[in-house]
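Asker: Sharing a sequence plus its predicted fold:
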Amino acid sequence: MSRVLVIGCGGVANVAIRKCCQADDVFTELCIASRTKSKCDALAEALKGKTKTVVTTAQVDADKVDELVELIKSYKPDLVMNIALPYQDLTIMDACLICGVNYMDTANYEPEDTDDPEWRAIYEKRCKEQGFSAYFDYSWQWAYREKFEKAGLTALLGCGFDPGVTQAYCAYAKKHEFDTIDTIDILDCNGGDHGYAFATNFNPEVNLREVSAPGSYIENGKWVEIPAMSIKREYDFDKVGQKDMYLLHHEELESLALNIPEVKRIRFFMTFGQSYLTHMKCLENVGMLSTTPINFEGHEIVPIKFLKALLPDPASLGPHTHGKTNIGCIFTGKKDGKDKTYYIYNVCDHQECYKEVESQAISYTTGVPAMCGAMMLLTGKWTEKGVHTVEEFDPDPFLDALDKYGLPRSENFAPVLVD
Ligand code: NDP
């Protein structure tokens, strides 16, 4: 028996909510609240007669703590699932603290306005001290650790696939396969084709900011930053085939370096086709990825927001996307004094996802872990108070839930390594 408030009703939330409704013995009551209520109502309507979960809807602007507090106080949920955008992480955490409710999200905090001088000063200090320049990092949410601990509440951060499942794979490798881990390579391959010359698989603004930023990895406890897309490798992915992949900065590197300190090197690679990269470079060169407002014919517009309005809605890509994703982690290290390698990954088919929940696999591979993470908190499998990332919890019940709810793991005990 549980009451859950989901904030956001985009591509990922649609999957998470549909999956919650499949597990209606755990998710007995659910409120979908977002900026545009009509989207919540349409989903609630689509779910009618298909679940025992009692679904209601509400309108909320999650940038406003007072609106969130009013909603949380009236609905009285056991858990708030933040599946809106990373810009809302802190306001929703604040509201959860005020109301005494557990919190979770799928991506770490990033400000909407990166020109805000107050934020910029802290950001630039961090760039110098830490050595990576991504707009997002965990420091903003880790600053809430003591407050959540003292309130006896849990905040689960980044419970999608990557971040999320990738960290559970690391915790699993550490618990069952290795005495010490030397290197981790996280490989995110999307072998899907949506038929458009250019489209992003999740929120275009967040996606393009992430991909156009400098790459970085961790070596011997320190960040090494490189120009965007300057390290390329080829890899032959199970069930997908040969793909080009590029080293990116990614948020889980930061928490993994902290929580598995013995690891000498952690890298993250993502596959991209040439068409995507050429379009992105061109858009960047002409200033369309900028977050700084410009005046256009008397109106103020933010270029990347205007671009978002032109691009296909990621939630609409489902029917057109064919092919598979393959996301996982390759480890090297030692077990019982011997060298060992190990690869754990999931393969997910875009069309199978569409048949099940009317979504492509990127939203599916994020929404299912969000539902399974919520299930861990609601069923008392993960009880640690404070602010935590996925690798800090027991991976076993979470991976079992993923196996059951659509993202089964595969293993390879002699993988090809990435040089
Ligand atoms: P979408 O843009 O499809 O959906 C975002 C939703 O949030 C929309 O319903 C939007 O409402 C709502 N929203 C935005 N601002 C507000 C606000 N101020 N108040 C209330 N609701 C708001 O994004 P996705 O579903 O693609 O992504 C959701 C999250 O998942 C993002 O944080 C993204 O970074 C993360 N993600 C994580 C991954 C992982 O593996 N960990 C992978 C992919 C995504 P409206 O309809 O009005 O715009």
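Answerer: Arrived safely.

Asker: Kindly report the residues of this protein close to the ligand.
Answerer: Neighbours of the ligand within the chain, by C-beta under 6 Å from any ligand atom: 7-13, 34-36, 39, 60-63, 83-86, 88, 106-107, 158, 160-164, 202-203, 206, 314-315, 366. For glycine as for every other residue, the C-beta is placed from the backbone atoms N, C-alpha and C.

Asker: nearest spatial neighbour of the residue in the stretch 1-150 of the chain that the ligand sits nearest to, skipping sequence neighbours?
Answerer: Closest contact between the stretch 1-150 of the chain and the ligand, by C-beta to the nearest ligand atom, is at Gly10 (1.8 Å). Of all residues not flanking Gly10 in the chain, Ala315 sits nearest, at 6.1 Å (C-beta to C-beta, 6 or more residues apart in numbering).

Asker: So what does that neighbour look like in phi/psi?
Answerer: Note on Ala315: backbone dihedrals following degrees, to the nearest 10 are phi -70, psi -20.

Asker: ok, it - contacts?
Answerer: Going by C-beta atoms under 8 Å, 6 or more residues apart in numbering, Ala315 touches Gly10, Gly11, Asn14, Ser359, Ser363.

Asker: do Lys222 as well
Answerer: Gly131 are the contacts of Lys222 under C-beta under 8 Å, 6+ apart.

Asker: and it, what pLDDT?
Answerer: Note on Lys222: pLDDT of 94.

Asker: Any chance of the backbone angles for it?
Answerer: According to degrees, to the nearest 10, Lys222 has phi -120, psi 150.

Asker: Output the lengthiest helix in the chain in PDB with nothing but the alpha carbons.
Answerer: Longest helix in the chain by number of residues (criterion: DSSP state H): helix 361-378. C-alpha atoms of helix 361-378 as PDB (Å, rounded to 0.1, in the frame of the first residue of the first chain):
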ATOM      1  CA  ALA A 361      13.800   2.400 -25.500                       C
ATOM      2  CA  ILE A 362      15.600   5.500 -24.100                       C
ATOM      3  CA  SER A 363      12.600   6.600 -22.100                       C
ATOM      4  CA  TYR A 364      11.900   2.900 -21.300                       C
ATOM      5  CA  THR A 365      15.500   2.200 -20.000                       C
ATOM      6  CA  THR A 366      15.100   5.300 -17.700                       C
ATOM      7  CA  GLY A 367      11.500   4.900 -16.600                       C
ATOM      8  CA  VAL A 368      11.700   1.300 -15.600                       C
ATOM      9  CA  PRO A 369      14.700   1.800 -13.200                       C
ATOM     10  CA  ALA A 370      12.900   4.900 -11.800                       C
ATOM     11  CA  MET A 371       9.900   2.600 -11.000                       C
ATOM     12  CA  CYS A 372      12.100  -0.100  -9.600                       C
ATOM     13  CA  GLY A 373      14.000   2.400  -7.400                       C
ATOM     14  CA  ALA A 374      10.700   3.700  -6.100                       C
ATOM     15  CA  MET A 375       9.700   0.100  -5.400                       C
ATOM     16  CA  MET A 376      12.900  -0.400  -3.300                       C
ATOM     17  CA  LEU A 377      12.100   2.600  -1.200                       C
ATOM     18  CA  LEU A 378       8.400   1.800  -0.800                       C
END
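
Asker: ok, which stretches of the stretch 101-250 of the chain are strands?
Answerer: For the stretch 101-250 of the chain, the strands defined by DSSP state E, counting those that start in this stretch cover 102-105, 154-157, 180-190, 215-219, 222-226, 232-237, 241-247.

Asker: angle of the fourth one against strand 180-190?
Answerer: Here the directions of strand 215-219 and strand 180-190 differ by 160 degrees (axes from the mean of the first three to the mean of the last three C-alpha atoms, to 10 degrees).

Asker: and strand 215-219, how far from the chain's centre?
Answerer: 19 Å (C-alpha atoms, centre = their mean, to the nearest Å).

Asker: same for it, what does it pack against?
Answerer: Where contact means 3 or more C-beta pairs under 8 Å, 6 or more residues apart in numbering; DSSP states H and E, strand 215-219 is packed against strand 222-226, strand 241-247, helix 251-259, strand 265-271.

Asker: Now tabulate those in a markdown table and tack on distance to Val418.
Answerer: Output for these, formatted as a markdown table (distance: least, C-beta to C-beta, whole Å):
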| stretch | distance to Val418 |
| --- | --- |
| strand 222-226 | 15 |
| strand 241-247 | 8 |
| helix 251-259 | 15 |
| strand 265-271 | 7 |
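
Asker: nearest to Asp185, of the ones you listed?
Answerer: With C-beta to C-beta as the criterion, Asp185 lies closest to strand 265-271 of the helices and strands packed on strand 215-219, at 5.2 Å.

Asker: between that closest one and strand 232-237, how many degrees?
Answerer: Going by the same axes, to 10 degrees, strand 265-271 makes 80 degrees with strand 232-237.

Asker: in its sheet, what does strand 265-271 sit against?
Answerer: Strand pairing for strand 265-271, determined by DSSP bridges: strand 180-190 (parallel), strand 215-219 (antiparallel), strand 241-247 (antiparallel).

Asker: Go ahead and name everything in contact with the helix or strand bottoming out on mean pLDDT in the chain.
Answerer: Ranked by mean pLDDT, DSSP states H and E, the weakest helix or strand in the chain is helix 204-211, scoring a mean of 84. Among residues not part of helix 204-211, those counted as contacts by C-beta under 8 Å, 6+ apart are 85-86, 107, 110, 134-136, 200-201, 228, 248-250, 270, 272, 280, 283, 289, 291, 304-305, 307-308, 311, 314.

Asker: Can you select the buried ones from these in PyMOL?
Answerer: Paste this into PyMOL to select the buried members of the contacts of helix 204-211, with burial taken from 16 or more other C-beta atoms under 10 Å:
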select buried, resi 85+86+107+110+134+135+136+200+201+228+248+249+250+270+272+280+283+289+291+304+307+308+311+314
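
Asker: wait, doesn't the residue of the stretch 1-150 of the chain closest to the ligand sit right on Thr106?
Answerer: No - Gly10 lies out of contact with Thr106 (C-beta atoms under 8 Å); the separation is 10.9 Å.

Asker: Give me the more crowded residue out of the two.
Answerer: Between Gly10 and Thr106, Thr106 has the larger neighbour count (other C-beta atoms under 10 Å), namely 29 against 20.
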